[in-house]
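K.L.:
Please work out how this folds:
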Amino acid sequence: MTRATYRRHYGRFRALLVQARKDAGLTQQELAMRLGRPQSFVSKTERGERRLDVIEFLEVAQALNLDVPRFLDTLGAF
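P.N.:
Numbers count the residues shown, from 1 in each chain. Down below sits the predicted model:
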């Protein structure tokens, strides 16, 4: 996979997370509070300045009450 493809797919991942947060009716601050993290953690993640590892993703998914398999299916195959 090329670097550009990797970035495009991660951009889609970030966009889906932002949409999931908004669909949950949460601000960045409210999500950060659920995660026990500073608001800057959410902001930097959503802007792509910081990447989530798989454990962090699962924590965010739980805080947003996401159905992880469905979320990943929405993300689509590479």
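K.L.:
pLDDT weak spots in the chain?
P.N.:
Low-confidence segments of the chain, defined by pLDDT under 70: 1-6, 77-78.
K.L.:
Helices along that one, start to end?
P.N.:
Ranges of helices within the chain are 3-23, 28-35, 39-47, 54-63, 68-75, based on DSSP state H.
K.L.:
Geometrically speaking, which residue is the centre of the protein?
P.N.:
L17 (3.6 Å; CA atoms, centre = their mean).
K.L.:
Isn't that one up against E46?
P.N.:
Yes: between L17 and E46 there is a contact under CB atoms under 8 Å: 6.8 Å. Bear in mind the C-beta positions are built from the backbone N, C-alpha and C, glycine included.
K.L.:
you'd agree R21 is up against R34?
P.N.:
No: using CB under 8 Å, R21 is not in contact with R34; the gap is 10.2 Å.
K.L.:
tell me the contacts of the residue nearest to the centre of the chain?
P.N.:
Contacts for L17 (CB atoms under 8 Å, 6 or more residues apart in numbering) come out as T45, E46, V60, L64.
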